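K.L.:
sequence unavailable; structure follows:
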């Protein structure tokens, strides 16, 4: 029995070491990837800060990775979160969205923030959460944006 535990432990250690050399692709196109979104939606400087600190890491093509993102299996976990976030809403793809899709994405953003689903709790452990004031500022801005896309 002890021999089996040692073998399993050794195999797991080897797998963990190998994982350190096989990395998921990084999501780092740079801040320019959100320029179309910001030029069109015209967030204030305060809103840009809220978006940059709470949304863009997972919902754009410009993730700023923390130091622990270099360690597997955390790198895989973060990569999955970013891929999933971009799948649901990617401000870097804003130019390709129709007005109807933009309105729908903004509606979902409001729902997720109001229900406390966004940002994810796993993200807020390290990065902090939106304050109630920041949530209100973000939601009010997004509601005003929705009017623009419903009337076009």
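P.N.:
Arrived safely. These numbers come from a predicted model, not from an experiment.
K.L.:
any idea of the mean pLDDT in the longest helix seen in the chain?
P.N.:
For the chain, the longest helix by residue count, based on DSSP state H, is helix 132-151. Mean pLDDT, computed over helix 132-151, is 91.
K.L.:
got it, and stretch 108-117?
P.N.:
91.
K.L.:
ok, back up a step: who are the packing partners of the longest helix of the chain?
P.N.:
Here helix 132-151 touches helix 45-54, helix 99-114, going by 3 or more CB pairs under 8 Å, 6 or more residues apart in numbering; DSSP states H and E. (Glycine included, C-beta is placed from N, CA and C.)
K.L.:
which stretch among those comes nearest residue 14?
P.N.:
Residue 14 lies closest, by CB to CB, to one member of the helices and strands packed on helix 132-151: helix 45-54, at 38.3 Å.
K.L.:
tell me the SS of residue 87?
P.N.:
Three-state call for residue 87 (DSSP: H, G, I helix; E, B strand; the rest coil): helix.
K.L.:
next one: it from residue 16, what distance?
P.N.:
28 Å (CB to CB, to the nearest Å).
K.L.:
same deal with residue 58?
P.N.:
Distance of residue 58 to residue 16, given as CB to CB: 25 Å.
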